[in-house]
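1. Just a sequence and a predicted model for now, questions to come.
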Amino acid sequence: MSPTSKLHRFLERITAAPVHTLLLSWIGIVVGWGVLYFFLEMIPGHGLTLDPAIPAFNRLLNSIYFSIVTATTIGYGDITPVGISKIFVSIEAVFAYGIFAIVVTKLVSLRQERAVDEVHRLSHEDMFRNTREGLYIVRKDLDHLIQEVETHGTLCEHSWENLAVAYIQAQAHTQEILNFYQGERYTIDPKRGELLIEAVQRTMHRINQLLTVMNHKHMHWKGHPRSYRELEEFLAILQKIMPLWSDRVGDQRTAIQDIVHIAGGIHEHITNALPHS
């Protein structure tokens, strides 16, 4: 392995290390180099400018103090290195300040990650709430259409357009479902998953109820091309996501099967509504 590759791997290990490990390493460098400076004083002309008359323990503390000043790049100038100790001071400054910079960068990055994570979490919550509220609005629109069919036995042109729009809204919200079960951080919890399944179930029941009433009133609802086309598109989307959805819900597969059963009933309504030859 080339020296460049070794240096690259070394730098990767340092940057990948957790903050507490880096802090301990920084403290180890500061204390270790302080002890080194203390022993370098035994070599005349290669230590620190300390008064040799002071006790050895005080000189050790001064050496560690100088090491801290060097590692933090403060450099008061009250103690200076001489001789070979200048080399070790340079090495300490590079390593200690580099590690300190990595620690600061990691702390800033951690704070940013938490802020981004909170934004994503709130977006996930908004998407869940919008999906349920959107399906609720679809059901309310279907209720009005059911009441109109029961009262007048048909739908006006405006209501047919409202029905097509309701199917389109159901498509959009149904397509969002799998987004709640992807990834690791924002996977939907079982309680919210149950509420989401219930919202889809109720919406499917409303569609089934509307088709039942329209068939009972002998309406040629398949003759309205836009609403019929959007209904088929909704059923195609539902059929596409059901296997994937079922794999991700665990204990709620029975509820998913109920949705499949309701979809089968809607297909039966479509078959029964076919014009007789």
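-> Now that the structure is in, tell me what you want to look at.

2. quick one: the strands in the stretch 51-200 of the chain?
-> For the stretch 51-200 of the chain, strands defined by DSSP state E, counting those that start in this stretch do not occur.

3. where does it dip in pLDDT?
-> 183-186 (pLDDT under 70).

4. tell me what the top helix by length along the chain is packed against?
-> The longest helix of the chain (DSSP state H) is helix 85-152. Here helix 85-152 touches helix 3-16, helix 19-40, helix 56-71, helix 157-175, helix 190-216, going by 3 or more C-beta pairs under 8 Å, 6 or more residues apart in numbering; DSSP states H and E. No exception for glycine: its C-beta is placed from N, CA and C like everyone else's.

5. separation between the residue nearest to residue 230 when sequence neighbours are not counted and residue 245?
-> Nearest non-adjacent residue to residue 230, counting by C-beta to C-beta, 6 or more residues apart in numbering: residue 167, 3.6 Å away. Distance, residue 167 to residue 245, by C-beta to C-beta, to the nearest Å: 19 Å.

6. count of neighbours near residue 73?
-> Residue 73 has 10 neighbours, counted by other C-beta atoms under 10 Å.

7. Report the contact partners of the spatially closest residue to it that is not a sequence neighbour.
-> Excluding its sequence neighbours, the residue lying closest to residue 73 (C-beta to C-beta, 6+ apart) is residue 97, at 5.7 Å. Applying C-beta atoms under 8 Å, 6 or more residues apart in numbering to residue 97 gives the contacts 71, 72, 73.

8. same thing but at 10 Å, please
-> 26, 70, 71, 72, 73 (C-beta atoms under 10 Å, 6 or more residues apart in numbering).

9. among those residues, which ones are buried?
-> 26, 70, 71 (16 or more other C-beta atoms under 10 Å).

10. List the buried residues in stretch 20-35.
-> Neighbour-count burial for stretch 20-35 flags 22, 25, 26, 29, 30, 33, 34 (criterion: 16+ other C-beta under 10 Å).

11. same question, stretch 229-249
-> In terms of neighbour count (16+ other C-beta under 10 Å), stretch 229-249 has its buried residues at 230, 231, 234, 235, 237, 238, 241, 242, 245, 246, 248, 249.

12. All set, thanks.
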